[in-house]
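**Student:** give me coordinates for this.
(2 chains)
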There are 2 protein chains.
Amino acid sequence: MRIALDAMGGDHAPAPIVAGAVQAVAADPDLEVVLVGDQAKIEPLLSNEGASARLDIFHCTQAIGMDETPVVGLRKKPDNSISRSWQLLAEHKVDAVVGAGNTGAMVAGGLRLRCFLKNVKRPGIAAVMPTLRGPCVLIDVGANVAPKPEHLYQYGTMGSIFARRILGREKPTIGLMNIGSEEAKGHELAKKTHNLFEASPLKEQFIGNVEGRDIHKGVCDVIVTDGFVGNVILKVSEGVFDFLMKMTAKEVLGALQAEKGLAEKAMQNLVSRYDYSAYGGAPLLGIDGICIICHGSSGDRAIKNALAVASKYVRAGLNETIVQELETTPAPTASA
Amino acid sequence: MRIALDAMGGDHAPAPIVAGAVQAVAADPDLEVVLVGDQAKIEPLLSNEGASARLDIFHCTQAIGMDETPVVGLRKKPDNSISRSWQLLAEHKVDAVVGAGNTGAMVAGGLRLRCFLKNVKRPGIAAVMPTLRGPCVLIDVGANVAPKPEHLYQYGTMGSIFARRILGREKPTIGLMNIGSEEAKGHELAKKTHNLFEASPLKEQFIGNVEGRDIHKGVCDVIVTDGFVGNVILKVSEGVFDFLMKMTAKEVLGALQAEKGLAEKAMQNLVSRYDYSAYGGAPLLGIDGICIICHGSSGDRAIKNALAVASKYVRAGLNETIVQELETTPAPTASA
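**Tutor:** Predicted coordinates:
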């Protein structure tokens, strides 16, 4: 198992990225990580953190900034760490790429090299969301902000395979994010996608429209939406989580005395379990290989988790199933 | 002050609606409420709850269901309580309409009667959201799912007036909901709207793009978005709130013994302060008159609050300012 890790991507790169890689190879004897980035910056960190025969450096001279316009950055900086990571994947020198850098550049870098799986029209980022009934998959959370109904249909197929293979759901249910439960609700994209699912081989798994308040109730295993709405959902969830944990700490802990320590510990448990920034990153599904996109604020723990998650997905053989099911259960041709 | 209240709208109508009206007129001696709906159903409730000279009934025979397709419902049921309420407003027989029924039908009912304010292209629903720095305004949360950049620009103007007059912000800041802070982020609508604000008289108030996680931090006073995304944000916030309060009750309260009661009370305070369903409803801005749209699950307390909020908005004279500012600070004509 060999994974390319963008050492230059992330709010605090490269230090926590390199530290995460060191921890990951220490924890998994079958894992090799290629740190892609500026050798002069990575090497000193490795000497501090502890080098390993399973940690390589792939030197490149450029990096794309977190706020840089993806397409411009990729074009102006041909030797950037994101493109180099994708290149290693395209040449089958690694099984997966992991990065906490500019999300748009990560996705666009893969698109430029046409690292698509066979039968996939557009890759989508799948995020695992906590719910009252266990985790569910939200897809897409930012790869494709102006999708067609057929793209959303494929997200249903890919999300469903992910829910089966990774979350262990036997026959995952699929919902379409909308602003009401009735069939005729929402904008054109939602209506057309609804009709597409209804007329498709996924009909039995499709539970129809779901609303924002349904996600965390766990009403279905897969929620399909466009990358704009999905990204907003992910970040709003994160924001409300932060807000409420701060308010709870202030008001509930503030009301206690003798048992304040106990309550504090229980809250810390809760926070570390649902902290969105500590998650191991979100897979870009539909790629020939595995690509994990991490939160920009990822620390060493998140990077270590992301590398472990990437290995797990490679071993799960998701992609063979995706290629096969997109072939056997394609979207109906008349889409509305 | 005379307000039309859709007595037939809401998940549990008409009982909690009528009860809310009774409480509202008891609390405000200047308030008169016209209960619009089926007299045979409303009258017995009034006898139970306590009639008042300031509570009238406007009888009509039909009601639009919560799950009914708005346009179809309005056309097939001409004597429905939503259309009758709007008619009272259009004829200036009331100052405001309040309803907890089918949101789409409430909005479409107003559009059909062309109850627009002068200079307004499309009305938008404004929701007040809690943040770490006090409340902010999110507009639109469901009136207009496929807006043009000029509509979003007007939402900026109307939201800003709302923040000034109702939330007491001197010079409200305006943010555009997007999936990244850089100018070039997002879909076409977001990019065009960004450019429109940048070239407009609102430029000084405009802070650029904001992300989902910024809302509850309170980074600006007004957040502009389309009705699809806004509706999803509102409902996701509600869903995460429910989820986290349930998890906190289970895990934090579950860890306590002697001080469990204290913690429980603090949590109940927190819940009642931020409970989205207890809010007094959201105004549909851009209407000639005041229209308050309530949560479908509204109980008597929420309806009472909504009637009080409607009176407050009528007295604040929001509409004169909206007409005037849309005239003096129009959107630039070249929109991209």
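**Student:** show me the shaky parts of chain A.
**Tutor:** Along chain A, the model assigns pLDDT under 70 to residues A:276-279, A:334-336.
**Student:** can you show me the strands along it?
**Tutor:** A:2-6, A:32-37, A:55-59, A:96-99, A:124-129, A:136-139, A:174-177, A:206-210, A:222-224, A:282-285, A:290-293 (DSSP state E).
**Student:** mean neighbour count and distance to chain B added to these, as TSV?
**Tutor:** Where C-beta positions appear, they are placed from N, C-alpha and C, glycine not excepted. Shown next, in TSV, are the strands of chain A (neighbours: other C-beta atoms under 10 Å in any protein chain shown; distance: least, C-beta to the nearest C-beta, whole Å):
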stretch	mean neighbour count	distance to chain B
strand A:2-6	28	18
strand A:32-37	26	22
strand A:55-59	18	27
strand A:96-99	30	16
strand A:124-129	25	10
strand A:136-139	28	10
strand A:174-177	26	7
strand A:206-210	20	10
strand A:222-224	29	11
strand A:282-285	27	14
strand A:290-293	27	13
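**Student:** of those strands, which is nearest residue A:107?
**Tutor:** Closest to residue A:107 of the strands of chain A, according to C-beta to C-beta: strand A:282-285, at 6.4 Å.
**Student:** can you give the contact residues for that closest one?
**Tutor:** A:106-107, A:110, A:123-128, A:139, A:141, A:143, A:155, A:158-159, A:162, A:290-294, A:309, A:313, A:318, A:322 (C-beta atoms under 8 Å, 6 or more residues apart in numbering or on different chains).
**Student:** go again with 7 Å.
**Tutor:** Applying C-beta atoms under 7 Å, 6 or more residues apart in numbering or on different chains, the contact partners of strand A:282-285 are A:107, A:110, A:123-127, A:139, A:141, A:143, A:158, A:162, A:290-293, A:313.
**Student:** quick check: the gap between the residue sitting furthest away from the middle of chain A and chain B.
**Tutor:** Each residue of chain A has a distance to the centre, and by C-alpha atoms, centre = their mean the biggest one is for residue A:258: 41.5 Å. Distance, residue A:258 to chain B, by C-beta to the nearest C-beta, to the nearest Å: 6 Å.
**Student:** residues contacting that residue?
**Tutor:** Contact analysis of residue A:258 by C-beta under 7 Å, 6+ apart lists B:258-259.
**Student:** for residue A:186, which of the strands of chain A is the nearest?
**Tutor:** Nearest of these (C-beta to C-beta): strand A:206-210, 7.3 Å.
**Student:** tell me what the closest one is packed against?
**Tutor:** Under the contact criterion of 3 or more C-beta pairs under 7 Å, 6 or more residues apart in numbering or on different chains; DSSP states H and E, strand A:206-210 touches strand A:174-177, helix A:188-198.
**Student:** coming back round to it: closest one to residue B:59 among the strands of chain A?
**Tutor:** strand A:206-210 (34.6 Å).
**Student:** report the distance from the closest one to the chain centre.
**Tutor:** In terms of C-alpha atoms, centre = their mean, to the nearest Å, the centre of strand A:206-210 is set 23 Å apart from its chain centre.
**Student:** so which residues of the stretch 151-300 of chain A form helices?
**Tutor:** For the stretch 151-300 of chain A, the helices defined by DSSP state H, counting those that start in this stretch cover A:188-198, A:227-248, A:254, A:260-274, A:300-316.
**Student:** try the stretch 1-150 of chain A
**Tutor:** A:15-27, A:39-49, A:70-76, A:81-90, A:103-112, A:149-165.
**Student:** and the third one, what's buried?
**Tutor:** Going back to what we said before, that points to helix A:70-76. Residues A:70, A:73-74 are the ones in helix A:70-76 that count as buried (16 or more other C-beta atoms under 10 Å in any protein chain shown).
**Student:** export these to CSV and tack on distance to residue B:301?
**Tutor:** Converted to CSV, the buried residues of helix A:70-76 look like this (distance: C-beta to C-beta, whole Å):
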residue, distance to residue B:301
A:70, 49
A:73, 53
A:74, 55
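**Student:** quick one: which of those residues is nearest chain B?
**Tutor:** residue A:70 (8.7 Å; C-beta to the nearest C-beta).
**Student:** check contacts around residue A:304.
**Tutor:** A:20, A:23-24.
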